[in-house]
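Chemist: quick one, structure for this:
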Amino acid sequence: IHFYKSLLNEDIMDGQEFKVRGRQMVDYIIEYLEDIETRRVTPAIEPGYLSELIPASAPHDPEPWEDVMKDVDEKIMVGMTHWQHPRFHAYFPAGNSFPSILADMLSGAIGCVGFSWAAAPSCTELETIMLDWLGKMVGLPPQFLSQSPGSRGGGVIQASASECVLDCLLAARAQAIRALKVKMGDQVEDTVLLSKLMAYCSKEAHSCVEKAAMIGFVKLRILEPDDHSVLRGARLKEAMMEDIENGLYPFFVSTTLGTTGCCAFDRLDEIGPVCKEMGAWLHVDASYAGSAFICPEFRPLLNGVEYAQSFNMNPNKWMLVNFDCSTMWVTDRYKLTQALVVDPLYLQHSYSESAIDYRHWGIPLSRRFRSLKLWFVIRNFGVSGLQEYVRNHCRLAKVFEAKVEADTRFRVMNDVKVGLVCFRLFGSNQLNQKLLTTINASGKLHMVPASVNDYFVIRFCVCAQSATEEDIDIAWKIISEIASEVLKTMQAEEQSEDREEDDVVKAMQKKSSETLEHKRSFFVRMVSDPKLYNPKIVKIDRRQKLQNMGVTSDCSDISPMHSWVSWPLAVLVQGVEIDEVSMRFRNWNTTLSLSPHQASSSSSTSSSPRNGLKALEDENVTENVTKAK
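Modeler: The predicted model follows:
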């Protein structure tokens, strides 16, 4: 006990030291954000770098706070991609502001776990109020708001848009299974019904929709958008009708307002009526672009949202609120909670029937006090301040778009409606990939790619809270200069490749010429020496020929000259008992049929050795020639 008290008094941070360290941390944060421009956007490290800098095991004894902060600078910051950097233009913005940081500090200090109203009443009630505030700010219909007269809807804060999509798909699945059981009977197994459910999304939808379908064990049909990457109602209806004819049940459609790849906006006004007709749950994912709807001029992009059963957006992307803070609304909270309620005795309380318990609104039980961040940010900036922030980003995106269009080497690849511009060099996908890789490797700028109509494009998103036109000028200068270097390098490589191809062609032509000469030489030798091409040619002694033909007289006066004949002739002249031998000539579409001459017994010449010898010397063999194709 004495040791523990000594440890607490001497080594563990107490309130007084926290005041000092807290002020130091605030100073550190301010200095980091103010001087962030002097750092590389992306770190010059490789995977596994930190394991070489940090011990494999935890320290047994307390370490000085100064050592901890020293390691933060020397080991952590060197491995960070700086999302708040003015040259960071990748993905989407990562919301950040001093009011939000302070709210996280307070939330951490309170340390509540707000899974129910009883566990954290103000945490629960502030979340409900903040979701109504924000819903009104972006122009959601009254049925999404918990405090609207007669409303069954309401909002909740989740950790991410992926969680929002999954929760809504699970709610839609539970509703669809209940409807199918009414139609088919309670005796039908849920697994059979699951096999008949079909969900839908665009090819441009976020990958979290596909992951949600995997987790939910339902089929997902990914639909082709139009040429502007927009999902249309006619395409959806066509797909649904096909699936219904095949015995499937359309139950869930996930649409996107502000797609990840190119910030396209699906046509809710066309898709909504189709979903209503087919009885499918319509979800709207507006993770990034949803914040733009706090500005009235962008709300026409929201037309058709009144058909939706659920809607989500991320203030932690584009509304200066730190991660995590993904807001989700439903028009019927009971349909959501029926799919997710698990209510053990130890979590029940006396106000369960009259109060909201957010543990029933999602997957996790434990929940942080995240509504503080929304409350602090909205009150500190006001709606007008947040509108100004969003409009500035959209204006700067148009500035960047104009720079791209003014350079004849580049082209814009998307309809720039908010803060994202997709562009590429005229040329191959490989060229544009080389450009992006070179830019990111420089550490001066950070962007990521996307695929738009099968083109490799580079995404430029305005991300920094205090972004200025000067930042756009600097970014474009970096892009333009590196593009010139890449084009020059690629041109030199292409010229080198052309020279190599010319060398290969010349070598092939030379080889072809030498081969032709060799063939011609071979032909000459073939004609003059048949042995060269016919290994079956045999050598026969003339005396042996006579003996084989039955000549018994003295053949000593016959010269020992040898005759070269092909094997069919050799067979004939050697007296082999055959009726006929066929012989086909190379490169001559002709066949000779050879047979030995059968002389009659009365022939005077056949009995004469001299005549026989004469016939042999003349090498006359009777041939029956038959031409054949």
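
Chemist: contacting residues around residue 36?
Modeler: 82, 84, 85, 86 (Cβ atoms under 8 Å, 6 or more residues apart in numbering). C-betas here are computed from N, CA, C, even on glycine.

Chemist: now residue 164
Modeler: Residue 164 touches 158, 285, 310, 312, 326, 328, counting by Cβ under 8 Å, 6+ apart.

Chemist: which of those residues lies closest to residue 66?
Modeler: Using Cβ to Cβ, residue 326 comes nearest to residue 66 of these, at 37.2 Å.

Chemist: would you list every one of the helices in the stretch 51-200 of the chain?
Modeler: 65-71, 98-110, 121-138, 161-184, 190-194 (DSSP state H, counting those that start in this stretch).

Chemist: include mean pLDDT and distance to residue 152 when you put those into a markdown table, please.
Modeler: Below are those laid out as a markdown table (pLDDT from 0 to 100; distance: least, Cβ to Cβ, whole Å):
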| stretch | mean pLDDT | distance to residue 152 |
| --- | --- | --- |
| helix 65-71 | 95 | 50 |
| helix 98-110 | 96 | 29 |
| helix 121-138 | 97 | 14 |
| helix 161-184 | 95 | 13 |
| helix 190-194 | 91 | 25 |
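
Chemist: still on that earlier bit, just the ones of the contacts of residue 164 in helices?
Modeler: Among the contacts of residue 164, no member falls in helices (DSSP state H).

Chemist: which of these tops the neighbour count?
Modeler: residue 285 (31 neighbours; other Cβ atoms under 10 Å).

Chemist: buried residues in the host helix or strand of residue 384, which are they?
Modeler: Per DSSP states H and E: residue 384 is located in helix 371-406. Of all the residues in helix 371-406, those buried under the rule 16 or more other Cβ atoms under 10 Å are 371-378, 380-381, 386-387, 389-394, 396-398, 400-401, 403-404.

Chemist: same check on stretch 239-248?
Modeler: Neighbour-count burial for stretch 239-248, counted by 16+ other Cβ under 10 Å, picks out 239, 240, 243, 248.

Chemist: any chance of these in TSV, plus secondary structure?
Modeler: Listed next are these as TSV, based on DSSP: H, G, I helix; E, B strand; the rest coil:
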residue	secondary structure
239	helix
240	helix
243	helix
248	coil
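
Chemist: turn those residues into TSV, columns for distance to residue 483 and pLDDT.
Modeler: Conversion of those to TSV gives the following (distance: Cβ to Cβ, whole Å; pLDDT from 0 to 100):
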residue	distance to residue 483	pLDDT
239	41	97
240	45	97
243	46	97
248	48	96
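
Chemist: closest one of the residues you listed to residue 423?
Modeler: residue 239 (31.7 Å).

Chemist: enumerate every residue touching that closest one.
Modeler: 200, 221, 223.

Chemist: where does the stretch 351-500 of the chain have low pLDDT?
Modeler: Low-confidence segments of the stretch 351-500 of the chain, defined by pLDDT under 70: 497-500.

Chemist: all strands of it, in order?
Modeler: For the stretch 351-500 of the chain, the strands defined by DSSP state E, counting those that start in this stretch occupy 410-412, 420-425, 448-452, 455-461.

Chemist: the longest one pairs with which strands, parallel or anti?
Modeler: Strands flanking strand 455-461 in the sheet, each with its direction: strand 420-425 (antiparallel), strand 448-452 (antiparallel) (DSSP bridges).

Chemist: out of the ones you listed, nearest to residue 133?
Modeler: Per Cβ to Cβ, nearest to residue 133 of those: strand 420-425, 26.4 Å.

Chemist: quick one: that closest one to chain centroid distance?
Modeler: 18 Å (Cα atoms, centre = their mean, to the nearest Å).

Chemist: what lies in contact with that strand?
Modeler: 92, 261-263, 288, 397, 400-401, 404, 409-414, 431-432, 435, 450, 452, 455-462, 483, 487.

Chemist: going through the residues you listed, which ones are buried?
Modeler: For those, a neighbour count by 16+ other Cβ under 10 Å gives the buried set as 92, 261-263, 288, 397, 400-401, 404, 410, 412-414, 431-432, 435, 450, 452, 456-462, 483, 487.
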